[in-house]
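A.B. asks: predicted model and sequence follow; I will ask about them next.
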Amino acid sequence: MKTTLITALGFALLSSAGAHADHAHADHAHEDHAQAEHNMDHGAQMAAHDGAVYEIGALHIERPFSRASLPNQPVGGGFFTVTNTGSEDDRLIAASTSPERADHMEIHEMAMDGQVMKMRELPDGLPIPAGETVELKPGGFHLMMMGLKQPLVEGESVTVSLTFEQAGTIEIPLAIGAPNAKGGAAQGHMTHGN
């Protein structure tokens, strides 16, 4: 409960900072924004394990997680559930993480090609239809951190930036689970899109 409140306060401060900037209080807004980002970093890391919902526009992002990497593993996955509560379709068009963490990120899908399961990049992004939930999960749609520069350590988190065509950009923490992790805190209650 405290974690959810901290996260909510972080989002409220971010909203407040944006409102102040619109009213020519740029210096004050910058300070509020910096403090809100600091608060959000701490709150978001804790909330990732607590069923937090990250919101941007009409999109609700839940259960963000990754899997611990094995020694010398060059890639890592990112997974979450995103629900579009709006009346307009959206699209996940880009994802990134710190250059100290990985070279770059791609949006991927796993699909059958004859008798073989193949992974491929989605260069046009991932559609998030209005009124639907899309799940990024192992063996399906997912983010791929390419050229890992640091191992993904169980119990830690990695911050990723998600850019949506309509809703914009949001940073979320991916809670790093075991190498065979299947979901976030509420993994037994995931909804499925399409």
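C.D. replies: Happy to help now that I have it. Numbers count the residues shown, from 1 in each chain.

A.B. asks: domain assignment for the chain?
C.D. replies: Domain ranges of the chain: 2-47, 53-183, per automatic domain parsing.

A.B. asks: what average pLDDT does the last one get?
C.D. replies: Read it as domain 53-183. Mean per-residue pLDDT for domain 53-183: 97.

A.B. asks: want to throw the domains of the chain into TSV with mean neighbour count?
C.D. replies: Bear in mind the C-beta positions are built from the backbone N, C-alpha and C, glycine included. Output for these, formatted as TSV (neighbours: other C-beta atoms under 10 Å):
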stretch	mean neighbour count
domain 2-47	16
domain 53-183	17
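
A.B. asks: which residues touch Phe141?
C.D. replies: Phe141 makes contact with 107-110, 122, 126, 134-135 under the criterion C-beta atoms under 8 Å, 6 or more residues apart in numbering.

A.B. asks: in strands, which of those residues appear?
C.D. replies: 107-110, 126, 134-135 (DSSP state E).

A.B. asks: at which residues are the strands of this structure located?
C.D. replies: Under DSSP E, the chain gives strands at 53-56, 59-67, 75-84, 90-97, 102-113, 116-121, 126-128, 133-136, 142-148, 157-164, 168-177.

A.B. asks: ok, the shortest one: who's next to it in the sheet?
C.D. replies: According to DSSP bridges, strand 126-128 has the following sheet partners: strand 90-97 (antiparallel).

A.B. asks: over to the fifth one?
C.D. replies: Sheet neighbours of strand 102-113, with direction, are listed as strand 116-121 (antiparallel), strand 142-148 (antiparallel) (DSSP bridges).

A.B. asks: could you export those strands as TSV, including distance to Val82?
C.D. replies: Converted to TSV, the strands paired with strand 102-113 look like this (distance: least, C-beta to C-beta, whole Å):
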stretch	distance to Val82
strand 116-121	18
strand 142-148	11
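
A.B. asks: need the distance between the two termini of stretch 98-107.
C.D. replies: By C-alpha to C-alpha, to the nearest Å, the extent of stretch 98-107 from end to end equals 16 Å.

A.B. asks: cool, stretch 117-126 as well?
C.D. replies: Stretch 117-126: ends 19 Å apart by C-alpha to C-alpha.

A.B. asks: pick the one among the contacts of Phe141 closest to Thr163.
C.D. replies: Closest approach to Thr163 among these (C-beta to C-beta): Ile107, at 10.2 Å.
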